[in-house]
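Engineer: The following comprises the amino acid sequence and a computationally predicted model.
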Amino acid sequence: MPEMCTNSWKGRALVVGAGGIGRALSVELARRHPSLEVTLATRHPLSDDVWTVDLQCPNSLSKLTEQLIADSHPLRVVINATGRLHSPSYQPEKRLQHAEQSALLDSFAINAAGPLLLAKSVEPVVARDRPFHFASLSARVGSISDNRSGGWYAYRAAKAAQNMMLRCLSLEWARRLPLTTVTLLHPGTTDTALSQPFQSFVPKERLFSPERAAGHLLDVLLHQTPTDTGRFLAWDGQDIPW
Ligand SMILES: NC(=O)c1ccc[n+]([C@@H]2O[C@H](COP(=O)([O-])OP(=O)(O)OC[C@H]3O[C@@H](n4cnc5c(N)ncnc54)[C@H](OP(=O)(O)O)[C@@H]3O)[C@@H](O)[C@H]2O)c1
């Protein structure tokens, strides 16, 4: 009987994206599951124990595959905690006239294609007879049916595209790799660089610390099993409409 029980998770856990939530997730995952080898991956690692991964660079993703094939720890969980809402060259659009091709393409590259290409790069080490969780940070604003205020064209649409891609992935893996669980997660508004310019609109009690958000997300994720694969879940475990 393969292990399903969350407190017996063993093997490599890879958290990609060393932003506010990614760092907090890696710390909390290691604290809760001492049998996991938790590794953080980022574009610009500052220490040897952090891996280098750039989701917008095909060469970097190929190197990740090689690193995982050479790894002595079987891959047990991957969490994508990368994402981009704004950059030095663009801000989320308030109206149509703010839409720019470069920002739309950049947002799709990291928020939509990035998670799928990460899944592609780890798939060679995912085994048919071993449980594996693939989770990715999405956002409630990527829900099409819940969109009541508009705006933020690039980010909303790229997150909606991510949801579709990982929903497709969950169905493909359910056939070929039946012990996999693919989960899309909304962390709630969290105090990180990504949300920083927009925090004045958020009541204080609804702005989570990264540590609190990470705790919520792991509470949800660690209870997901292959029969749940393909869900889009908020930090409190509620399903979010697509
Ligand atoms: N904070 C919120 O309120 C909130 C709400 C809903 C959803 N989310 C989602 O939660 C996730 C984590 O966000 P966060 O709040 O922790 O934001 P954050 O602190 O800005 O972290 C995002 C991270 O993504 C990394 N990244 C960007 N492009 C990358 C690439 N090509 N390859 C590898 N890493 C890359 C960034 O690394 P660099 O430093 O190298 O650029 C950054 O560390 C995102 O998907 C976000 O959309 C956040």
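Structural biologist: It's in.

Engineer: Angles on the backbone of residue 193, please.
Structural biologist: Recorded main-chain torsions at residue 193 are phi -60, psi -30, according to degrees, to the nearest 10.

Engineer: likewise residue 102?
Structural biologist: The phi/psi pair for residue 102 (degrees, to the nearest 10) is phi -60, psi -40.

Engineer: What residues does it make contact with?
Structural biologist: Counting by CB atoms under 8 Å, 6 or more residues apart in numbering, residue 102 touches 89, 90. Placement of C-beta: from N, CA and C, glycine included.

Engineer: Give me the below-cutoff pLDDT ranges for the protein.
Structural biologist: Counting by pLDDT under 70, the chain contains low-confidence ranges at 1-7.

Engineer: Which stretches in it count as strands?
Structural biologist: Remark: strands assigned in the chain by DSSP state E are 11-16, 36-42, 51-52, 75-80, 132-137, 180-186, 231-234.

Engineer: Tell me which of those lies nearest to the ligand.
Structural biologist: Nearest to the ligand among these is strand 132-137 (3.5 Å), distances taken as CB to the nearest ligand atom.

Engineer: What is that closest one packed up against?
Structural biologist: With contacts defined as 3 or more CB pairs under 8 Å, 6 or more residues apart in numbering; DSSP states H and E, the secondary structure elements packing on strand 132-137 are strand 75-80, helix 114-122, helix 153-176, strand 180-186, helix 210-221.

Engineer: Tell me if it is near the ligand.
Structural biologist: Yes - in this structure, strand 132-137 sits against the ligand according to CB under 6 Å from any ligand atom; the contacting residues are residue 137.

Engineer: Please compute how far that strand lies from its chain's middle.
Structural biologist: On the basis of CA atoms, centre = their mean, to the nearest Å, strand 132-137 is displaced by 6 Å from the centre of the chain it belongs to.

Engineer: hey, C-alpha coordinates of it in PDB?
Structural biologist: Below are the C-alpha coordinates for strand 132-137, written out as PDB (Å, rounded to 0.1, in the frame of the first residue of the first chain):
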ATOM      1  CA  PHE A 132       3.600  12.900  -5.700                       C
ATOM      2  CA  HIS A 133       2.000  16.300  -5.100                       C
ATOM      3  CA  PHE A 134       2.400  19.100  -7.600                       C
ATOM      4  CA  ALA A 135       1.000  22.400  -6.200                       C
ATOM      5  CA  SER A 136       1.000  25.800  -7.800                       C
ATOM      6  CA  LEU A 137       0.200  29.200  -6.400                       C
END
